[in-house]
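S.K.: Model the structure of this input:
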Amino acid sequence: MFITSNPFAGLAQFGITPGMMQIFVILAIIAVVAGILLDVAHKKSAKYFFEHTERMKKLATRQLSSSEKTSMLVQVILNEVLTSSEFHNPKRRIAHLLKMYGFIIFVVSSAVLIFFYPTEQYAGFWGLMWRVGAIMLAVGGWWFFTKLRVDVLSEGKKWYKLARADMFIVSLLGVSTFGLLWCFFQGVVGSTALALLFFALFLISAVVLFGGVYWSKFGHMFFKPAAAYQKRILMADGSRENLPPFYKRAEVLDQSTMDLVRDIPADQKFGLCIMKDEPNHY
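M.R.: Down below sits the predicted model:
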């Protein structure tokens with residue numbers, strides 16, 4: 001069946017052997033690791049986090065136990081990593097989760113197909129998962145790219161206006177979209193020419209995605225959990241990143257001003273603008 005077929009098995013007709021595909025995967029892993037290390041060295045992020053942590057230790061008001069730190073690590077994994085709870089916009093959160101889990105499923109299933117089923121036409125579960133991951137990645141990616149990007153949503157820019165910061169999402173879209181088209185024209189239509197065209201575009205997108213880590217936001221997926229964990233530690237030990245503690249609203253507002261507006265109905269107190277849509281395209 002088409003939905004369980006192995007798209008990589010059909011590459012033999014283009015002269016691409018299993019060994020070539022496996023070497024490409026290994027080189028992609030090396031490129032990602034090298035790109036992240038170069039990015040860390042260039043931005044000096046590791047040095048910044050270390051020095052920042054040492055400064056905050058001097059401001060800490062309590063010593064955290066190992067169990068507390070472990071609990072915070074688990075919370076980061078469950079909240080910031082697995083469920084992306086830091087996104088308060090539900091649309092942005094759903095799009096992010098589709099991209100994240102779609103990418104993981106797509107990459108893992110690709111590696112399994114290439115290393116364990118390189119010449120088998122049908123790979124059952126893994127062939128299906130390859131398509132599921134690609135579809136999730138494409139849906140979440142295109143939704144984010146055309147509707148939810150900050151410059152598109154809030155600044156009114158056209159979704160097709162690109163900047164270097166878009167390298168990561170564009171290469172993700174290329175890998176998922178061209179991968180699905182290559183699979184479709186190879187397995188359903190049977191067009192060798194179109195299958196070769198979309199496979200070439202898929203390959204170029206993969207090279208940009210894994211080879212351009214130094215210039216893209218790829219490394220962000222590794223830095224974000226570390227930053228979230230550090231923030232939880234700093235808030236719990238009392239250093240609070242040298243920020244003042246929170247106060248209740250009544251304690252920081254002028255009480256006389258509060259008295260002036262206390263009895264005014266809510267729909268009149270803030271004017272009609274409070275009923276308007278969220279601030280888009282300003």
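S.K.: does Trp143 really touch His96, like I thought?
M.R.: No - judged on Cβ atoms under 8 Å, Trp143 makes no contact with His96 at a distance of 9.9 Å. All C-beta spots, glycine's among them, are computed from the backbone N, C-alpha and C.
S.K.: can you map out the helices along the stretch 1-150 of the chain?
M.R.: Along the stretch 1-150 of the chain, counting by DSSP state H, counting those that start in this stretch, helices occupy 18-43, 45-57, 66-75, 90-116, 125-143, 150-153.
S.K.: remind me which residues of this protein are low pLDDT?
M.R.: Across the chain, the stretches falling below the confidence threshold (pLDDT under 70) are 1, 244-282.
S.K.: Give me the most central residue, it.
M.R.: Met100 (5.4 Å; Cα atoms, centre = their mean).
S.K.: give the contact list for that one.
M.R.: Counting by Cβ atoms under 8 Å, 6 or more residues apart in numbering, Met100 touches 84, 140, 221.
S.K.: do Gln75 as well
M.R.: Contacts of Gln75 by Cβ under 8 Å, 6+ apart are Arg232.
S.K.: how close does it sit to Arg232?
M.R.: Gln75 sits 7 Å away from Arg232, taking Cβ to Cβ, to the nearest Å as the criterion.
S.K.: Val33 too?
M.R.: As judged by Cβ to Cβ, Val33 and Arg232 stand 27 Å apart.
S.K.: more neighbours, those two?
M.R.: Using other Cβ atoms under 10 Å, the more surrounded residue of Val33 and Arg232 is Arg232, with 20 against 11.
S.K.: residues of the helix or strand hosting Leu209 that come out buried?
M.R.: If you go by DSSP states H and E, Leu209 is part of helix 192-211. Neighbour-count burial for helix 192-211 flags 195-196, 198-199, 201-203, 205-211 (criterion: 16 or more other Cβ atoms under 10 Å).
S.K.: So which elements touch it?
M.R.: helix 18-43, helix 167-184 (3 or more Cβ pairs under 8 Å, 6 or more residues apart in numbering; DSSP states H and E).
S.K.: ok, and which of the ones you listed has the densest surroundings?
M.R.: helix 167-184 (a mean of 21; mean count of other Cβ atoms under 10 Å).
S.K.: could you dump that one to PDB, C-alpha only?
M.R.: The C-alpha trace of helix 167-184 is given here as PDB (Å, rounded to 0.1, in the frame of the first residue of the first chain):
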ATOM      1  CA  MET A 167      15.700  30.100   7.000                       C
ATOM      2  CA  PHE A 168      14.700  27.600   9.600                       C
ATOM      3  CA  ILE A 169      11.000  27.600   9.000                       C
ATOM      4  CA  VAL A 170      11.400  27.800   5.200                       C
ATOM      5  CA  SER A 171      13.800  24.800   5.100                       C
ATOM      6  CA  LEU A 172      11.400  22.900   7.400                       C
ATOM      7  CA  LEU A 173       8.600  23.600   5.000                       C
ATOM      8  CA  GLY A 174      10.800  22.500   2.100                       C
ATOM      9  CA  VAL A 175      11.700  19.200   3.700                       C
ATOM     10  CA  SER A 176       8.100  18.300   4.600                       C
ATOM     11  CA  THR A 177       6.300  19.700   1.500                       C
ATOM     12  CA  PHE A 178       8.800  18.500  -1.100                       C
ATOM     13  CA  GLY A 179       9.100  15.200   0.700                       C
ATOM     14  CA  LEU A 180       5.400  14.600   0.400                       C
ATOM     15  CA  LEU A 181       5.300  15.600  -3.200                       C
ATOM     16  CA  TRP A 182       8.300  13.400  -4.100                       C
ATOM     17  CA  CYS A 183       6.600  10.500  -2.300                       C
ATOM     18  CA  PHE A 184       3.300  11.200  -4.100                       C
END
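S.K.: got the contact list for it?
M.R.: Under the contact criterion Cβ under 8 Å, 6+ apart, helix 167-184 has outside partners 5, 7, 99, 102-103, 106, 131, 134-135, 137-138, 141-142, 144-145, 149, 162, 194-195, 198-199, 201-202, 204-206, 208-209, 212, 215-218, 220.
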